Structure formats: structure tokens, C-alpha cells
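Undergrad: Sequence and predicted structure, then a few things I'm wondering about:
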Amino acid sequence: MRHSLWGLAEVDRMCGRYEASRHRYEQVHAISQEIGDRRGEGHALGGLAEVDRLRGHYEAARHQLEQALTICQEIGDRHGEAHTLWSLGNVAKDMADTDTAADHWRKALQILDSLQLPFAATVRDSLATLN
């Protein structure tokens, strides 16, 4: 059920149905906490943060992403850590803090390059927008 809710939250977010998306991400977060799934908890926080970022609620997004980053670091989820750093960079850029955005993106890129993940190209593109 949790995975289905996650998928529906993603669809709602992509279609601009932010309240519905938020509600589903909150359900995923609660279920993940209840069953002790820290990775799911972090992913749900990332989804909530993206909804807040898209709505212009940057401080709330940053706070949720910082929580997600802590979870990723605690459980050793390097891919999740890199993605969360990239998301933090997006929030910083939206807040016109390009130095912080670049710092987050560079850290994400280091991790992604060490893991040899193709998402590194996306992060490189993000960095290129600052030049």
C-alpha cells in the first residue's frame, strides 16, 4: 500500500495537485515511521519538500530535506544522500543563494561520481546553470 501511495503522490505532484500529493506523502511518511522504514521515511520527506518547493515554501522544504539528509547519512544511503543534496541545491537556487546551491551540488556530484551513477549528469547540468 505504501508504494502505491508513493506512486499516487508522485502523479499528483506532477499534475500540480499539491494538496493531494502532500496528503499522500504524509501517509507514506506515517506508514514508514510505523514500520521502521527509515529509507521510506526519508523519501517521503523528500517528496513533501518538493511539494513545498514547488509552492514557494522554501524554508519548509529546506527543513524537510535536512531531516531527510540526516536519515540518509544515518542509514548509509549514499544515493539518497546525493539526491537530497541535489534537492537542497535546488531550494537554495530558488532562494537566490547560488553559493549554497553550488556547494550542495558539488557534494552530490562527488557522491554520484564515486558511485558511478548516471544521475551525475543531471547534477552537472544544474551546476552549469550557475555559470
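TA: Structure received. Numbering: from 1, shown residues only.
Undergrad: mind listing the helices for this protein?
TA: With DSSP state H applied, the chain shows helices at 2-14, 18-35, 38-54, 58-75, 78-94, 98-115, 120-128, listed in chain order.
Undergrad: The fourth one packs against which elements?
TA: Translated: helix 58-75. Using 3 or more Cβ pairs under 8 Å, 6 or more residues apart in numbering; DSSP states H and E as the contact test, the elements touching helix 58-75 are helix 38-54, helix 78-94. Bear in mind the C-beta positions are built from the backbone N, C-alpha and C, glycine included.
Undergrad: which residues sit in contact with the residue most central in space within the chain?
TA: Compute the mean C-alpha point of the chain, and by Cα atoms, centre = their mean the closest residue is Gly46, 3.6 Å away. Contacts for Gly46 (Cβ atoms under 8 Å, 6 or more residues apart in numbering) come out as Gln64, Leu65, Ala68, Gly80, His83, Thr84, Ser87.
Undergrad: go again using 6 Å as the cut-off
TA: Gly46 is in contact with Ala68, counting by Cβ atoms under 6 Å, 6 or more residues apart in numbering.
Undergrad: Which pLDDT value belongs to it?
TA: Looking at Gly46, its pLDDT stands at 97.
Undergrad: Buried residues in stretch 58-67, which are they?
TA: Neighbour counts over stretch 58-67 (16 or more other Cβ atoms under 10 Å) mark Tyr58, Ala60, Ala61, Arg62, His63, Gln64, Leu65, Gln67 as buried.
Undergrad: Having no further points to raise, I will conclude here.
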